[in-house]
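Trainee: any chance you can model this:
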Amino acid sequence: MVGYLARLPFSVRTLQAICLLAAIGFLILRPSEIYLLSYGFLVYAVFLIFGVAIGYHRGLSHRLLDLDSPLAWFSLAVGTLTSLGKPVEWALIHRLHHQHSDETADPHSPAQQGFWTVFLNRWRLSPETAKPRLSLVRDLVSSKNVQFFQKRYYLVIALYVLVLALAAGLPGVIFGYCWPVVLSVLATSLVNSVCHTGGVPRDSFWITLFTFGEGIHGRHHLEPKTINLSYAQYFDLSGWLLAKLSVRHEGVAWATRRKNPKQ
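Mentor: Below you'll find the predicted structure:
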């Protein structure tokens with residue numbers, strides 16, 4: 001586990017940096033195709049809602065999905081394409097974040113590492129955080145679905161990029177992969193930094209809009225097992241959709257038996 005965590009910042013962040021350079025460079029060289037950003041945003045919406053919010057965040061990290069369900073399989077696949085990290089490491093880091101929110105062992109607290117360090121996605125694991133924590137992700141290590149994407153992480157991404165290239169050429173790769181990845185990184189960085197300003201988890205209306213519900217972060221820390229976090233002017237699109245899919249589709253369920261807010 002330590003080896004995984006040690007490699008995570010370099011390999012994944014390098015991939016993200018390549019996406020950023022390619023996304024911006026393409027628009028500089030071909031500004032007339034900026035209208036294609038609308039397609040990139042649509043793909044980002046799928047990435048963020050199903051891959052990050054429902055898949056990696058609520059499904060894996062907070063055990064709100066049956067890992068053998070069709071929805072979990074689809075969300076794991078999309079979560080892999082976001083290029084935010086392998087599923088086990090992502091969930092481990094997020095579970096540590098909830099256990100030690102804004103404390104020294106929090107992997108990405110702006111109160112501990114600085115706002116811009118977290119916003120620019122340059123946070124680093126402390127020696128305490130990087131210790132082996134297999135007990136925190138034992139459920140994921142034993143899941144065949146999770147391990148499928150864990151072991152074939154870069155292969156799945158490469159195949160997706162190849163399909164985009166064959167189907168739509170370079171623009172397909174840029175707006176079907178690079179821009180959605182860049183926007184997904186920005187979304188998670190906004191939540192990790194702005195929604196923890198002052199060392200306290202807080203909600204942000206504008207970040208909620210951009211992240212389809214993930215910006216309701218203060219309430220999420222208080223109620224990590226709540227599926228739909230909507231209240232007052234805040235609408236949790238991801239949570240609302242997860243609740244609807246869970247009710248209407250046989251075989252898709254959420255784990256309501258666990259109530260430990262530290263998980």
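
Trainee: how much space is there between residue 229 and residue 95?
Mentor: Note on residue 229: its distance to residue 95, by Cβ to Cβ, to the nearest Å, is 18 Å. C-beta: built from backbone N, CA, C; applies to glycine.

Trainee: next one: residue 194
Mentor: 21 Å.

Trainee: pick out whichever of these two has more residues nearby.
Mentor: Taking other Cβ atoms under 10 Å, residue 194 and residue 95 do not tie; residue 95 has more neighbours (22 against 18).

Trainee: I figured that one hits residue 137, correct?
Mentor: Yes. Residue 95 is within contact range of residue 137, at 7.3 Å (criterion: Cβ atoms under 8 Å).

Trainee: which neighbouring elements make contact with whichever strand or helix holds residue 169?
Mentor: In this structure, residue 169 sits in helix 153-173 according to DSSP states H and E. Counting contacts by 3 or more Cβ pairs under 8 Å, 6 or more residues apart in numbering; DSSP states H and E, helix 153-173 packs against helix 2-29, helix 70-81.

Trainee: quick one: closest of those to residue 113.
Mentor: Nearest to residue 113 among those is helix 2-29 (12.7 Å), distances taken as Cβ to Cβ.

Trainee: can you give me the strands for the stretch 101-250 of the chain?
Mentor: Taking DSSP state E, counting those that start in this stretch as the criterion, the stretch 101-250 of the chain contains no strands.

Trainee: pLDDT below threshold where in it?
Mentor: The stretch 101-250 of the chain contains residues with pLDDT under 70 at 127-132, 247-250.

Trainee: how about the helices in it?
Mentor: Assigned by DSSP state H, counting those that start in this stretch, the helices in the stretch 101-250 of the chain fall at 110-113, 115-119, 138-141, 144-151, 153-173, 179-193, 205-211, 217-222, 237-248.

Trainee: in the fourth one, what's buried?
Mentor: Judged by neighbour count using 16 or more other Cβ atoms under 10 Å, the buried positions of helix 144-151 are 145, 146, 148, 149, 150.

Trainee: what angle do it and helix 153-173 make?
Mentor: Going by axes from the mean of the first three to the mean of the last three Cα atoms, to 10 degrees, helix 144-151 is angled at 70 degrees with respect to helix 153-173.

Trainee: so how far is helix 144-151 from its chain's centroid?
Mentor: Centre-to-centre, helix 144-151 and its host chain are 16 Å apart (Cα atoms, centre = their mean, to the nearest Å).

Trainee: identify the residues contacting that helix?
Mentor: 60, 67-68, 72-73, 76-77, 79-80, 86-88, 140-141, 156 (Cβ atoms under 8 Å, 6 or more residues apart in numbering).

Trainee: buried only: go through the residues you listed for me.
Mentor: With neighbours counted by 16+ other Cβ under 10 Å, the contacts of helix 144-151 contain buried members at 60, 67, 72-73, 76-77, 79-80, 86-88, 140, 156.
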